[in-house]
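Trainee: heads up, no residue letters with this:
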């Protein structure tokens with residue numbers, strides 16, 4: 001595993017950037033040869049704001065009443081809500097008070113909402129925001145969650161995505177696998193590194209990575 005991170009800036013907005021490190025990594029749903037660190041745009045308010053400004057451009061004509069923020073994307077979601085609700089003649093969300101909620105997982109890994117936030121999904125147009133989409137499994141789980149609580153998914157956005165769409169919804173992202181040189185993702189049982197006996201360098205998830 002390389003121990004140095006490389007900066008990659010978005011072609012859409014250079015203030016939105018991620019760091020990448022190459023090796024053999026296991027995510028909750030797949031194996032990848034590149035760890036993509038999105039903490040800069042998730043945690044630093046200037047970078048989060050610039051990222052949000054780019055992401056909302058895909059929703060100029062979409063009513064958004066709630067943002068379901070997955071994987072620690074609440075800061076970006078807040079800036080997205082601010083941008084979406086700005087006053088403007090052509091802004092369908094003009095003056096809206098957009099809700100931002102984060103789901104939980106129960107003991108059997110089902111995505112749930114507490115009683116006090118369920119009303120922010122029931123009958124609402126819900127935008128799903130993730131930090132990274134590799135297989136789309138988490139997004140499908142989020143879609144099922146929104147449907148279960150009576151909401152309607154109106155869009156899917158992510159900082160990084162290696163898939164173009166999930167369940168018929170295009171995934172709007174700042175970075176795709178085309179922006180990450182050499183990026184590859186594999187189903188666990190088809191991972192070429194595992195077949196060659198190459199040990200996993202680190203476990204990665206939305207919180208970061210842990211070396212093995």
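Mentor: Received it, and whenever you're ready, just let me know what you need. If you're wondering where the values come from, they're calculated on a predicted model, not measured in any experiment.
Trainee: residue 40: neighbouring residues, count only.
Mentor: 18 (other C-beta atoms under 10 Å). All C-beta spots, glycine's among them, are computed from the backbone N, C-alpha and C.
Trainee: give the helix, strand or coil label for it.
Mentor: Of the three states, residue 40 takes helix under DSSP: H, G, I helix; E, B strand; the rest coil.
Trainee: quick one, what contacts it?
Mentor: 17, 18, 19, 47 (C-beta atoms under 8 Å, 6 or more residues apart in numbering).
Trainee: give me the low-pLDDT residue ranges for the chain?
Mentor: For the chain, the stretches with pLDDT under 70 are 1-3, 89.
Trainee: in it, which spans are helices?
Mentor: 39-43, 45-55, 74-84, 115-118, 137-148, 192-195 (DSSP state H).
Trainee: may I see these organised as JSON lines, with distance to residue 26 added?
Mentor: As requested, those are exported to JSON lines (distance: least, C-beta to C-beta, whole Å):
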{"stretch": "helix 39-43", "distance to residue 26": "19"}
{"stretch": "helix 45-55", "distance to residue 26": "26"}
{"stretch": "helix 74-84", "distance to residue 26": "26"}
{"stretch": "helix 115-118", "distance to residue 26": "31"}
{"stretch": "helix 137-148", "distance to residue 26": "14"}
{"stretch": "helix 192-195", "distance to residue 26": "9"}
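Trainee: coming back round to it: which one of the contacts of residue 40 is nearest to residue 64?
Mentor: residue 47 (21.7 Å; C-beta to C-beta).
Trainee: correct me, but the closest one touches residue 16?
Mentor: Yes: with contact defined as C-beta atoms under 8 Å, residue 47 counts as touching residue 16 (6.2 Å).
Trainee: counting neighbours, what do you get for the residue nearest to residue 98 when sequence neighbours are not counted?
Mentor: Closest residue to residue 98 apart from its sequence neighbours, by C-beta to C-beta, 6 or more residues apart in numbering: residue 81 at 3.9 Å. By other C-beta under 10 Å, 23 other residues sit near residue 81.
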